[in-house]
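>>> what's the 3D shape of this:
(chains A and B)
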Amino acid sequence: MQNATHVTEVKVKDAFGTVVPGFDKAPDAATLVGFNGMDQHPFQVQVMEDADFLFDKEAWMTMAYAWNREWSRKDTDPRRGVWFGGPKGTGKTTLVEQFFGRLKVPVTVITCNRKTPLADLLTKMSPDGTGGWIQTPGPLKLAMQMGLPVCLNEVSRMDPADLVAVNDIIDRGIHIMDDGEVVRAARGFVVFATDNTMGFGDERGAYMDANMMDQSFLSRFLKFEVTYPAEDVEIKILQNRAGLDEATARQHVKFATAVRHAYERATSSVTMGTRELIDWAQASTYFGSLKTEAGALFALRRVMGGCPGQEMKALEQIYRSTFGG
Amino acid sequence: MNPIREHFHRTIAGTARVEHRQVIYGPDGEQIERRTFSRAASAVSSTVDYVDGASGLNRRAIIDQERAKLVVAGWVMHFSQEILPAVTGMDGDTVAFDIRATEDLRDVLEAIGNTIFEVDVALEDPSVAFIGGYEVKLQRSRRRAGETRPLRYDTLVTQVPRGSLASHVLAVLAIKHGGRVMGADGTGVCANALASELVLDERFDPILKGYGIALPQPPASLMRRWGRPVIPAVF
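Down below sits the predicted model:
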């Protein structure tokens, strides 16, 4: 039936039944392509427990569309991944990883920075131990050859000139190496991008390294702006991940919401992602019996410490108005 | 071994009356249950005979013997199917239906069976329908004081495996006639979601069209390379 032995149709309800809100209304017949027999692949993602990661419904549908499109497009149609933009700690990379993890599809995650040259992602020359050099394929080349999805993290931190050179790889799945070798991507190679911006730079100044992206690069992606999970969802996450009772979890989330509002109003340069919220809640549980001060406040300093003095004072003020004391 | 049932019918000479006979062979081949009934307008009669078979005989031989006897007597066999055991919530992924219609569901099921599914959807005795190997019991709703409508088999409460033909046919009935659909854990199931698979089964086209049921259609542009249309995971 399929064109490759490792490819299989997976019913979406079997793979994502309880981790996408409102999934009971999703068509039973809807399927996505999953992989067979690649459980031990080094790029295989460990699937989180159902309660530990809930997908945003719209983000999931966008991912499902991109992946369905990849396995249905004509050979001449371009590949289209998704650009996930949003503040730190909102689970952008986790979303991509968990999506493919549940389909048993290994995903190549590459974190970019200004010093990540494209050439290194494609191939690397290393000593062969006998005085010569050996060419080893980089993660991008491997993903292209094996037909695996790729997630480029913090993509706006990469050199814009290098990124434009990636256009052909992202779009047509083809790259001609310096030595003339032609690398053609197999079906399944789609590039996803996660970033703190939507590619138009960061007006706030919180992500200093973020470049304004070339429009020709941006046009190669579907776009999705990721926001923090709803309060109820975050409360459940804290209850599950940190073992907090509902009332305490609610207080923690209330605090994080207040910090985020201050950040959105540009009255603060510090915000709190879900990642930091979980870290804080877990540390709060650990330091709960601290005698010298409130364990949650002590834990907050450990997680959010390092921010400018005025900001820290503001955080402590928000803490007191949320937790009392 | 599961029981096997076979359906026969014959027209009574000089009349338009059709007699039905169902023969059910028990799992061990030692018991044959024969039901004979006719159905004219709303009048239904049935008789049930139990006959002990010869112990130890091959079940297949008993079935062949009985079938030959009936054919000689003018019966025409139109249905032979293994009866699948009734399911419960403990039997994996099941879906429960509680359909309360305002018309006789026997007519609906008979029409579906006659026009499309033939042996896969058929009426058993008055209160039992047989859908894709599963027995589905029909019930009559109570008439309220002063209500003069004829009695009808308008209620259907059953549980079948998710994804089976029975679940698909019943999902269509649930969409058309309303009613509750629940998963094995008792939570609600969207009948449209359940029926979504039917867009890939062209046998259902006339039913969906006749009932005016619109299900998410696969977009023409999205077709897997191996020919399977992509059902959008949109909800």
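
>>> How is chain B divided into domains?
Taking automatic domain parsing as the criterion, chain B consists of the domains B:4-40+B:47-82, B:94-211.

>>> Just the C-alphas of stretch A:89-108, formatted as CSV.
Written as CSV, here are the backbone C-alpha positions of stretch A:89-108 (Å, rounded to 0.1, in the frame of the first residue of the first chain):
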residue,chain,number,x,y,z
GLY,A,89,8.9,28.5,27.6
THR,A,90,5.6,28.1,25.7
GLY,A,91,6.5,24.6,24.5
LYS,A,92,7.2,25.3,20.8
THR,A,93,9.9,22.7,20.4
THR,A,94,8.1,20.3,22.7
LEU,A,95,5.0,20.6,20.5
VAL,A,96,6.9,19.6,17.4
GLU,A,97,8.8,16.8,19.2
GLN,A,98,5.7,15.3,20.9
PHE,A,99,3.7,15.5,17.7
PHE,A,100,6.3,13.3,15.9
GLY,A,101,7.1,11.2,19.0
ARG,A,102,3.5,10.0,19.1
LEU,A,103,3.7,9.0,15.4
LYS,A,104,7.0,7.3,16.1
VAL,A,105,8.7,9.5,13.6
PRO,A,106,12.3,10.5,14.6
VAL,A,107,12.7,14.2,14.4
THR,A,108,16.1,16.1,14.0
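
>>> average pLDDT across that stretch?
Stretch A:89-108 shows an average pLDDT of 93 in the prediction.

>>> Which strands or helices does the helix or strand hosting A:K124 pack on?
For A:K124, the host element (DSSP states H and E) is strand A:123-127. Secondary-structure packing of strand A:123-127 (3 or more CB pairs under 8 Å, 6 or more residues apart in numbering or on different chains; DSSP states H and E): strand A:133-137. No exception for glycine: its C-beta is placed from N, CA and C like everyone else's.

>>> Please name every helix or strand in contact with the strand it packs on.
Secondary elements touching strand A:133-137 (3+ CB pairs under 8 Å, 6+ apart): strand A:123-127.

>>> Any buried residues in the strand holding A:K124, and which?
A:T123 (16 or more other CB atoms under 10 Å in any protein chain shown).

>>> Between strand A:133-137 and it, find me the angle.
Calculated by axes from the mean of the first three to the mean of the last three CA atoms, to 10 degrees, strand A:123-127 forms an angle of 150 degrees with strand A:133-137.

>>> Tell me the residues on the stretch 151-300 of chain A that lie near chain B, please.
Residues of the stretch 151-300 of chain A found near chain B (CB under 8 Å from any CB of the partner chain) are A:R187.

>>> most packed of the domains of chain B?
Greatest average neighbour count among these goes to domain B:94-211 (a mean of 18), per mean count of other CB atoms under 10 Å in any protein chain shown.

>>> start to end distance for it?
This stretch, domain B:94-211, spans 25 Å end to end (CA to CA, to the nearest Å).

>>> go on, stretch B:217-235?
In stretch B:217-235, first residue to last residue: 13 Å (CA to CA).

>>> Least confident secondary structure element in chain A?
Ranked by mean pLDDT, DSSP states H and E, the helix or strand of chain A with the weakest confidence is helix A:215-218, at a mean of 78.

>>> How about the contacts made by A:G138?
Counting by CB atoms under 8 Å, 6 or more residues apart in numbering or on different chains, A:G138 makes contact with A:D120, A:L121, A:L122, A:T123, A:K124.

>>> all strands for the stretch 151-300 of chain A, in order.
Secondary structure of the stretch 151-300 of chain A (DSSP state E, counting those that start in this stretch): strands at A:174-176, A:182-184, A:191-195, A:221-225.

>>> And the residue of chain B closest to chain A?
B:S196 (3.2 Å; CB to the nearest CB).

>>> Excluding sequence neighbours, find me the nearest residue to that residue.
Distance criterion CB to CB, 6 or more residues apart in numbering or on different chains; nearest residue to B:S196, sequence neighbours excluded, is A:P27 at 3.2 Å.

>>> same check, this time on A:M125
In space, A:M125 is closest to A:W133, 4.9 Å off (CB to CB, 6+ apart).

>>> is it true that A:C151 touches A:V107?
Yes - using CB atoms under 8 Å, A:C151 is in contact with A:V107, at 5.8 Å.

>>> Would you state the helices of chain B in chain order?
For chain B, the helices defined by DSSP state H cover B:59-72, B:105-112, B:165-177, B:191-195, B:205-211.

>>> okay, these in JSON lines with mean pLDDT next?
Formatted as JSON lines, these follow (pLDDT from 0 to 100):
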{"stretch": "helix B:59-72", "mean pLDDT": "85"}
{"stretch": "helix B:105-112", "mean pLDDT": "84"}
{"stretch": "helix B:165-177", "mean pLDDT": "89"}
{"stretch": "helix B:191-195", "mean pLDDT": "85"}
{"stretch": "helix B:205-211", "mean pLDDT": "84"}
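
>>> now those helices as JSON lines including distance to A:V19?
Output for the helices of chain B, formatted as JSON lines (distance: least, CB to CB, whole Å):
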{"stretch": "helix B:59-72", "distance to A:V19": "48"}
{"stretch": "helix B:105-112", "distance to A:V19": "37"}
{"stretch": "helix B:165-177", "distance to A:V19": "24"}
{"stretch": "helix B:191-195", "distance to A:V19": "17"}
{"stretch": "helix B:205-211", "distance to A:V19": "31"}
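
>>> Would you enumerate the residues in contact with A:W71?
So A:W71 contacts A:V7, A:V33, A:R187, A:G188, B:R224, B:R225, B:V230 (CB under 8 Å, 6+ apart).

>>> Let me see the domain layout of chain A.
A:7-225, A:231-323.

>>> State the number of residues packed around A:T8.
By other CB atoms under 10 Å in any protein chain shown, the residues close to A:T8 number 17.

>>> Name whatever forms a beta bridge with it.
When bridges are called by DSSP bridges, A:T8 pairs up with A:G34.

>>> Which elements pack onto the one helix or strand A:A59 maps to?
Using DSSP H and E, A:A59 sits in helix A:57-70. Judged by 3+ CB pairs under 8 Å, 6+ apart, the packing partners of helix A:57-70 are strand A:31-35, strand A:81-85, helix A:92-102, strand A:221-225.

>>> before we move on, what SS does A:R114 have?
Following DSSP: H, G, I helix; E, B strand; the rest coil, we place A:R114 in the coil state.

>>> Run through the stretch 51-200 of chain A and note the low-pLDDT ranges.
When residues are selected by pLDDT under 70, those of the stretch 51-200 of chain A lie in A:200.

>>> How about chain B?
For chain B (pLDDT under 70), the answer is B:28-30, B:38-58, B:89-91, B:118-119, B:220-221.

>>> Show me the residue at the heart of it, geometrically.
B:I131 (2.5 Å; CA atoms, centre = their mean).

>>> Indicate the residue of chain A located nearest to chain B.
For chain A, CB to the nearest CB, closest residue to chain B: A:P27, 3.2 Å.

>>> what does chain B have sitting close to chain A?
Within chain B, the positions adjacent to chain A are B:162-163, B:187-190, B:192-200, B:215-216, B:221-226, B:228, B:230-235 by CB under 8 Å from any CB.

>>> still on that earlier bit, give me every residue that touches the residue of chain B closest to chain A.
Going by CB under 8 Å, 6+ apart, B:S196 touches A:P27, A:D28, A:A29, A:A30, B:L215, B:P216, B:I231.

>>> between those, which is nearest A:L300?
Distance to A:L300, by CB to CB, is smallest for A:A30 among the contacts of B:S196, at 42.8 Å.
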